[in-house]
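[1] mind looking at a prediction? Sequence and model below.
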Amino acid sequence: MDSILFIIAAIAAVGCGLNLVLQKHPISSALSLIGVMSSLALLYLLLGAEFIAMAQMIVYGGAVMVLFIFVIMLLNAGAEKRSDKSMFAQIAGFPLLAVLVVLMSFLIRQTFPATVSEVNFGEWVGGTAEAIGKELFTKFLLPFEVVSILILIAILGAVVLAQKEID
Amino acid sequence: MNLWLIPLCPLIGFLFNGLLGRRLSKQIVNIVAVGSVAAAFGLVLFTLSQIYPIDKPIGEHDFTWIQSGFLNIGFDLTIDRLTAVMLLVVTGVGLLIHTYSIGYMEHEDGYGRFFAYLNLFMFFMLLLVLASNLLLVFVGWEGVGLCSYLLVGFYFKEKFAGDAANKAFIVNRIGDFGFMLGIFLLVARFRTLDFNALAAAVKDLPVEASFGGLGLITLLLFVGACGKSAQLPLYVWLPDAMAGPTPVSALIHAATMVTAGVYMIARVSFLYDHSPAAMHIVAVIGLATAVFAATIGLAQNDIKKVFAYSTVSQLGYMFLGVGLGAYSAGIFHLMTHAFFKALLFLGAGSVIHGLSGEQDLRHMGGLRKAMPITFITLGIASLAISGFPFSSGFFSKDAILGAAYESAPWMFWVGVSTAGVTAFYVFRAYFLAFFGKYRGHHHPHESPLVMTLPLMILALLSAGGGFLSVPHWLAPMFPVAEHENLQPMIISSAFGIGGILLATLVYVISPALSDTLKSAFGPIYTLLVNKYYVDELYSAAIVKPLTLLSRTVLWRGVDEGLIDTGLVNGFSRCVQAAGSVLRHWQSGSIRDYATWILAGSLLLIFVLGLATGGAR
Amino acid sequence: MIDRIPLSAYLILSAVLFGLGVAGFIYRKSIITVFMSIELMLNAVNLSFVTFSYENKNIDGHIYSFFVMVVAAAEAAVGLAIILTIFKNRGTLQIDEVDSMKL
């Protein structure tokens, strides 16, 4: 059962990702990104990460992507136009990418042989909110506090950068 | 035993007069300059009285100068019998000339400078004579060359003085190059330059039958001596050096500096004894120089030039002496020559001073009434240089010619003929100056006492110096074969007296004879007056090609073309070219930057993942 | 049907999603789309963190993933504010026209 779910989620993720790259209009890309995030949430659930799956949906899907769509609509971003610049990127980009993906897959296959490690849904249920909370407030307390300051700074930065010019 | 005090005195005189001489009165400059040399002379007498008789050399080591690998050279001074003779000559004659200069340089500019340079010269000469290793000798050698340059070019506002100074220094340098090569070979072979160490190292080596390693070394050292002591082919600087003040000519170019070459050969006699081939070359060149210079002296009209060529000729005699192995004879002639040659030059200076600067013999004449003291003292000197019986020159020249008679009779006959020629041209100058009618336009007057007193002292030494028996004194160092053969003595004095009589005939009794002779020997006379055109030859063959080479090849070609344009500018052009190519990398396009980052990280992953075997 | 999914499948999926993100970054010309590709890359990395957490049966991977999410959110906020400023100053949202930092 979980294998079917995995395959569905994987295909959905890759498909939406491709759509993001290939679409001309930013809004279509934004919607495909939401699709990617949802499939990733499903995959997290399959891996036993309940809290992370939930956080993914709420934070990414509910907040970040909405923010993106707001900005796209605010700026009235239109479809992209052709460009003659950056020839190096256009020519050398794809081969390098292909090499990257193939190389990483090869390395992964080499390090994690298929028969040895497997994923079974339900084999590990340690990703509960309780467990994460316990770790977050004991072992990872300092990063937690620092990250909250980071968010504060981000808020301030966003407010300052986006305000209207004061004449 | 503080031998270092002896050169220190003139050094202090140099510093004092050099730094403060301009602001002080002439009296103070005189006192310091002459006083320092007098102090050195006094110290020499005192030291010699302490260690007389010098059966064993006295040495002292003041400090280590060079300590590098196996080479250990110290500031070592030594006195042995040879040094004693040289010290007395240098300080004694030097003191007399310093005294004389007070009167001669009275009306000249740069009074303090002159005495400062003269004192500096004394310092270097004393260093040269006292040194116990060859490198310290070389320091003194170079130093006296420097002082010669400074003093010959004393009247630096005249172009010919500056040119003469340059010529002196450059020709000396050519000789010094040979000297340095000799030093290098000695260091390479014996790893030391100390005279005692070298003598010990060489003692057991065989005498070289033909030209060998030691022959090469000694010959190179002799090249240095040729430069310093004006032998063929490096003598050309000495006649031109007469551009300097006359006391300079007397001290440096007659009595002391030019004799440094002879002294050096006597000092390293233990090297020369092992190479008869080199000694033969030394003797031949000495003899050839003696003849060559004597013939040129016949036709010169400047009184100082006549004496300059006679100096070259007499130096040739000294080298003949040491080249034949008669080292003590050479040193003996060095000493007597210092006396009578200094006297000749100082006398000529007195004549020039009395005639307010006239140097041409053709504008002199009949001066014996106006300058009696100069007349008598110069006469004594001329007799000495001609080898008149029982004068100092007679004994010393006979010592050399006697040695020649024993070993190489052909040299003896050439030598005595040259002695006759010497007598002739010296007395030619003497008669032209002091006899006949006065042919000039000045008012001749005798020189002051401060100038004539040294003349009188030197005249006494020239007349009686021969009885000082230097070869006997030097016998423990340079064994001299006692020869009681009177024949060479008689023959050489005969030739000398014959030359004097011939000169009397031509220049006193019937002066018209000189003009007849001049026209009879026309082409030869022109050759002699122009000094065999040697200077012109050197200029065309060596000087001009060298300047041409420097100007076109080395300056334009290498310096401007290769180094400036090629290397310096070329380097900057390379950098500019590289820059103009590389700047396109910074295109401003973010996507290109991202692609480059991707490429770089790919490389990293490749290296970390595959090359190092991955990580698990 | 294969019943067991090997671990490497998740990781390879993560790698592929990452590659897609890079492709988007390199080939898309609108700034906002480039930014979205960055989010895609971050998500791919999150997946790999969670996978490794499953493999080691350790919750630290989830914590890392959590922090990545937080930082990504903050970054998205500030980044979009910057994009707004660029739009105000340059009047364009094409990357290729924001290239004044060059020699």
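    Good, I have the coordinates.
[2] what are the pairing partners of the helix or strand of chain A with the lowest mean pLDDT, and which direction each?
    Lowest mean confidence among the helices and strands of chain A (mean pLDDT, DSSP states H and E): strand A:118-119, at a mean of 73. In the sheet, strand A:118-119 lines up against strand C:5-6 (antiparallel) (DSSP bridges).
[3] now the strand it pairs with: mean pLDDT?
    Taken as a whole, strand C:5-6 has a mean pLDDT of 84.
[4] quick one: residues in contact with it.
    With CB atoms under 8 Å, 6 or more residues apart in numbering or on different chains as the test, strand C:5-6 has contacts from A:Asp2, A:Ser3, A:Phe6, A:Phe112, A:Ala114, A:Thr115, A:Ser117, A:Glu118, A:Val119. Every C-beta, even on glycine, is put in place using the N, C-alpha and C of the backbone.
[5] could you redo the last one with a cut-off of 10 Å?
    A:2-3, A:5-7, A:10, A:46-47, A:109, A:112-121, C:12-13 (CB atoms under 10 Å, 6 or more residues apart in numbering or on different chains).
[6] got a ChimeraX select line for the buried ones in the residues you listed?
    Applied in ChimeraX, the following selects the buried portion of those according to 16 or more other CB atoms under 10 Å in any protein chain shown:
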select /A:2,3,6,10,46,47,112,117,119,121 /C:12,13
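[7] please flag which of the contacts of strand C:5-6 sit within strands.
    Applying DSSP state E to these, the entries found in strands are A:Glu118, A:Val119.
[8] check what contacts the least confident helix or strand of chain A and list those residues.
    A:2-3, A:6, A:43, A:46-48, C:3-10, C:51, C:54-55.
[9] try 8 Å this time
    A:Asp2, A:Phe6, A:Leu46, A:Leu47, C:Arg4, C:Ile5, C:Pro6, C:Leu7, C:Ala9, C:Tyr10, C:Tyr54.
[10] closest one to chain B out of those residues, please.
    Using CB to the nearest CB, C:Leu7 comes nearest to chain B of those, at 12.5 Å.
[11] next up, the contacts around the closest one.
    A:Phe112, A:Ser117, A:Glu118, A:Val119, C:Thr51, C:Tyr54, C:Glu55.
[12] quick check, nearest of those residues to B:Gly321?
    Nearest to B:Gly321, judged by CB to CB, of these is A:Phe112 at 104.0 Å.
[13] distance of that closest one from C:Ile5?
    Using CB to CB, to the nearest Å, A:Phe112 is found at 12 Å from C:Ile5.
[14] ok, and the closest non-adjacent residue to whatever residue of the stretch 451-600 of chain B ends up closest to chain A?
    Chain A sits closest to B:Arg591 of the stretch 451-600 of chain B, with a gap of 3.8 Å, by CB to the nearest CB. Nearest non-adjacent residue to B:Arg591, counting by CB to CB, 6 or more residues apart in numbering or on different chains: A:Ala89, 3.8 Å away.
[15] surely that neighbour touches B:Ile597?
    No - checked against CB atoms under 8 Å, the pair A:Ala89 and B:Ile597 is beyond contact range at 10.9 Å.
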